[in-house]
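**Student:** model the following, please.
(one chain, ligands or ions: 1)
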Amino acid sequence: MASSMFLAQRRWFHSLPRNLSNARFFSALPSQHPVSVSGPQNNVGPKSNKFEKASSAPSSLKEPELAKFSAIADTWWDSEGPFKPLHKMNPTRLAFLRSTLCRHFRKDPLSARPFEGLRFIDVGCGGGILSEPLTRMGATVTGIDAIEKNIKIARLHANLDPTTSTIEYCCTTAEKLVEEQRKFDAVIALEVIEHVADAAEFCKSLSALTAHEGATVVSTINRSMRSYATAIVAAEYLLQWLPKGTHQWSSFLTPEELTMILKRAGVDVKEMAGFVYNPLTGRWSLSDDISVNFIAYGTKEK
Ligand SMILES: C[S@@+](CC[C@H](N)C(=O)[O-])C[C@H]1O[C@@H](n2cnc3c(N)ncnc32)[C@H](O)[C@@H]1O
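**Tutor:** Reported below is the predicted structural model:
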């Protein structure tokens with residue numbers, strides 16, 4: 001079953017129209033560099049709501065989604081709590097970011113601080129579990145989240161270490177920063193797009209925040225039969241890794257859909273990888289299997 005889904009995904013990927021299928025699989029690339037993470041780590045139509053401040057831009061906010069995250073905001077840095085899967089996935093996500101972004105910005109992936117001199121934004125940063133290691137890797141990081149409580153927790157945690165205390169945390173949205181004409185070398189939104197009001201509008205904001213010749217990275221969950229079985233039934237109901245109702249299967253995007261809406265927003269997807277979980281080791285790794293969790297790296301087209 002798993003292998004036939006995988007083959008179906010690959011067949012699908014290679015049957016994409018030419019302009020959508022120029023992305024490579026991560027494993028087809030020269031090298032995957034190990035990541036060192038240090039420190040205490042251990043869909044359609046905007047709605048107005050109470051989390052929103054006045055703005056002329058279409059809002060990415062989806063109130064029921066934000067309420068779910070607000071309820072568990074205190075647990076961001078509990079590596080055994082509801083965000084355990086993100087903590088566990090972090091080294092693998094960082095390996096992908098290190099490899100793709102070092103190649104993109106012509107930086108040495110073996111350097112301790114390869115992202116020195118680059119401005120990154122972590123959109124939907126939560127408690128900062130990705131912003132902090134990116135800062136330790138040398139990036140000048142801005143972390144934004146729609147929930148004030150997340151930002152407070154992120155700031156408190158970052159202030160525990162002088163290196164991460166430099167992170168600019170702000171309770172805002174991507175669309176508001178677009179209005180302020182902010183630009184970043186890399187725009188990263190991991191596990192956020194499945195929680196926003198309008199995925200296509202959100203991608204337009206991510207693209208607008210990406211500087212000329214910059215990079216955009218998005219991760220999410222595929223809307224596949226396997227993701228229903230694993231990311232919802234197993235993760236929320238059987239294993240209870242996540243609170244029940246964390247994910248709406250209908251809000252997931254297929255890799256093809258994500259590629260297309262990014263393309264329409266001006267971002268050309270160059271590379272994709274899947275994240276697969278090994279229940280025997282309890283570890284995640286990068287894979288060509290994009291049938292459940294996947295990540296896409298793209299470049300801003302001229
Ligand atoms: C699953 S968490 C992912 C956190 C972080 N990106 C990571 O992967 O570690 C989703 C986060 O996105 C935030 N979020 C949801 N909708 C948002 C929006 N429209 N703008 C900014 N943040 C949003 C939530 O508050 C939550 O912190």
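
**Student:** residues of this protein that sit close to the ligand?
**Tutor:** By the criterion of Cβ under 6 Å from any ligand atom, the positions of the chain lying close to the ligand are 60-61, 65-66, 69, 86, 124-126, 129-130, 145-147, 150, 173, 190-192, 195-196. Using the backbone N, CA and C atoms, a C-beta is placed for each residue, glycine as well.

**Student:** mind checking which of the residues you listed are in helices?
**Tutor:** Here DSSP state H is the test, and these give 65-66, 69, 86, 150 as lying in helices.

**Student:** could you pull out the helices in the stretch 101-250 of the chain for me?
**Tutor:** For the stretch 101-250 of the chain, applying DSSP state H, counting those that start in this stretch gives helices covering 131-136, 148-158, 174-179, 199-209, 225-227.

**Student:** could you measure from residue 260 over to residue 254?
**Tutor:** When distance is defined by Cβ to Cβ, to the nearest Å, residue 260 is 9 Å away from residue 254.

**Student:** any idea how far residue 155 is from residue 178?
**Tutor:** Here the criterion is Cβ to Cβ. By it, residue 155 lies 23 Å from residue 178.

**Student:** next one: residue 144
**Tutor:** Taking Cβ to Cβ, one finds residue 144 at 12 Å from residue 178.

**Student:** these two: who's more crowded?
**Tutor:** A side-by-side neighbour count of residue 144 and residue 178, using other Cβ atoms under 10 Å, places residue 144 first with 25 against 18.

**Student:** show me the residue at the heart of the protein, geometrically.
**Tutor:** residue 190 (0.9 Å; Cα atoms, centre = their mean).

**Student:** ok, the nearest residue to residue 126 once chain neighbours are set aside - contacts?
**Tutor:** Distances taken as Cβ to Cβ, 6 or more residues apart in numbering put residue 150 closest to residue 126, at 5.2 Å, once the chain neighbours are dropped. When the contact criterion is Cβ atoms under 8 Å, 6 or more residues apart in numbering, the partners of residue 150 are 69-70, 73, 76, 125-127, 171.

**Student:** can you check residue 144 too?
**Tutor:** With contact set as Cβ under 8 Å, 6+ apart, residue 144 has these partners: 121-125, 151, 169-174, 177.

**Student:** wouldn't residue 207 be in contact with residue 265 here?
**Tutor:** Yes: if you go by Cβ atoms under 8 Å, residue 207 and residue 265 touch, sitting 4.0 Å apart.

**Student:** by mean pLDDT, show me the worst of the helices of the stretch 101-250 of the chain.
**Tutor:** Set side by side, the helices of the stretch 101-250 of the chain show their lowest mean pLDDT on helix 225-227, which sits at a mean of 92.

**Student:** show me what that one is packed against.
**Tutor:** helix 2-14 (3 or more Cβ pairs under 8 Å, 6 or more residues apart in numbering; DSSP states H and E).

**Student:** how many residues are close by the residue in the stretch 51-200 of the chain that the ligand sits nearest to?
**Tutor:** Distances from the stretch 51-200 of the chain to the ligand, computed as Cβ to the nearest ligand atom, single out residue 124 as the nearest residue at 2.9 Å. As a burial measure, residue 124 scores 24 neighbours (other Cβ under 10 Å).
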